[in-house]
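**Q** Would you be able to build a 3D model of this:
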Amino acid sequence: MGGYKYENGVDMRVALAQINTILGAVGENIKKIERYVDNANEEHCDLIVFPELALSGYSLRDIVKDASVSKESAIFDNLKEKSRKIDIVLGYDQNDNGYFYNSALYFSKGEIIHNYKKVHLPDYGMFEESRYFKNGKNIDAFNTANGRVSMLICEDMFHLSAQGYVDKLETDILIILSASPFWANSKKIKPEIWKYMCVNFATLSSNFVLFSNRVGFEDGVGFFGNSLCVDPNGNIIKEASLFKEEMVVADIDLKEIKRAKEIMPLKKSISYYETAK
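**A** Numbers count the residues shown, from 1 in each chain. Now for the predicted structure:
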């Protein structure tokens, strides 16, 4: 995208920015986001991915309106300009004609080329999203300079139907934005669950998976980070730290998608998408 020539067969460099955000402080958060975009650009990255609701913070409740912005807002003007050199994915609290959505934007070449509204809103345990947000209706794929992309937001990934939609869309890169809190019991911890899901999806669908999860605390809830880049063979090629704000960079070879499909040729079967009767 930026004209930088990589070595050793690498044709794309991605950054996962697992940042801590200040709840409701949209102005401060956008400045941090812009700094990380500049850092990724200096690293010759083609794409940077921020977590779910990175612009607003997660536990919005009664400030959901105050922290919301429309996708046409001037607050995105600097990011649009920066996206002439690097693609940017960002989670935000979207105001769309008085309805609020947990959404994700994809910036490229000076424009917003896709806006995804989270379909599956959790409303159990600590989660109250469906009380404040309206759910989206569609899971889509769209074309970029680096292949066909789909986006999911956190809870979406726990629904096999959502994974199935992405698989059918012939996606090359699945981007998952998340604000997943940490928990553990005697047998399993939350980061392990995310690794299982990302690796399994990448392997079965022959996609790259980019998982960007936030860090920090809100109302006593801690978000664990541990963002991942998984290749189409299910190998974790980059893994961020637990609980630490940082940006990690991964070099990927998009030709691995074709090679992985040759090894795992499930989609060549005419019965692959048939439902059991």
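**Q** which residues sit in contact with the closest residue to His159 other than its chain neighbours?
**A** Leaving aside its chain neighbours, His159 sits nearest to His120 (5.1 Å; criterion: C-beta to C-beta, 6 or more residues apart in numbering). From N, CA and C alone the C-beta is placed, and that goes for glycine too. Taking C-beta atoms under 8 Å, 6 or more residues apart in numbering as the criterion, His120 is in contact with 135, 155-156, 158-159, 162.
**Q** Identify the farthest-apart pair in these.
**A** Distances among the contacts of His120 were taken as C-beta to C-beta; the most separated pair is Asn135 and Phe158, at 14.4 Å.
**Q** Span of stretch 107-118 from start to end?
**A** With C-alpha to C-alpha, to the nearest Å as the measure, the ends of stretch 107-118 fall 17 Å from one another.
**Q** brain fart, stretch 228-243
**A** 14 Å.
**Q** Let's see the pLDDT reported for the closest residue to Ser180 other than its chain neighbours.
**A** Leaving out its chain neighbours, the residue that sits closest to Ser180 by C-beta to C-beta, 6+ apart is Asn213, at 5.3 Å. pLDDT for Asn213: 98.
**Q** if we can go back for a sec, can I get the contacts of His120 in JSON lines with distance to Glu129?
**A** Below are those laid out as JSON lines (distance: C-beta to C-beta, whole Å):
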{"residue": "Asn135", "distance to Glu129": "9"}
{"residue": "Glu155", "distance to Glu129": "8"}
{"residue": "Asp156", "distance to Glu129": "12"}
{"residue": "Phe158", "distance to Glu129": "13"}
{"residue": "His159", "distance to Glu129": "14"}
{"residue": "Ala162", "distance to Glu129": "15"}
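**Q** which of those residues count as buried?
**A** For the contacts of His120, a burial check counting by 16 or more other C-beta atoms under 10 Å picks out 155-156, 162.
**Q** Can you tell me which of these is nearest Glu72?
**A** For the buried ones among the contacts of His120, the nearest to Glu72 is Asp156 (24.5 Å; C-beta to C-beta).
**Q** Which of the helices or strands spans the closest residue to that closest one other than its chain neighbours?
**A** The spatial neighbour of Asp156 that comes closest, neighbours along the chain excluded (C-beta to C-beta, 6+ apart), is Ala162 at 4.5 Å. Assigned by DSSP states H and E, Ala162 belongs to helix 160-168.
**Q** can you map out the helices along the stretch 151-277 of the chain?
**A** With DSSP state H, counting those that start in this stretch as the definition, the stretch 151-277 of the chain shows helices at residue ranges 160-168, 190-205, 255-263.
**Q** State the distance from Phe211 to Leu266.
**A** 22 Å (C-beta to C-beta, to the nearest Å).
**Q** more crowded one of these two?
**A** Phe211 (30 against 13; other C-beta atoms under 10 Å).
**Q** surely that one meets Phe224?
**A** No - if you go by C-beta atoms under 8 Å, Phe211 and Phe224 don't touch, sitting 11.7 Å apart.
**Q** Could you pull up the residues touching Val49?
**A** Contacts of Val49 (C-beta under 8 Å, 6+ apart): 14-17, 89, 175, 177, 210, 212.
**Q** Let's verify the residue lying closest to Asp219 once chain neighbours are set aside: helix, strand, or coil?
**A** Nearest residue to Asp219, sequence neighbours excluded (C-beta to C-beta, 6+ apart): Ser59, at 5.3 Å. Put simply, Ser59 is coil when judged by DSSP: H, G, I helix; E, B strand; the rest coil.
**Q** surely Ser59 meets Gly216?
**A** No - Ser59 sits out of contact with Gly216 when judged by C-beta under 8 Å, with a separation of 11.0 Å.
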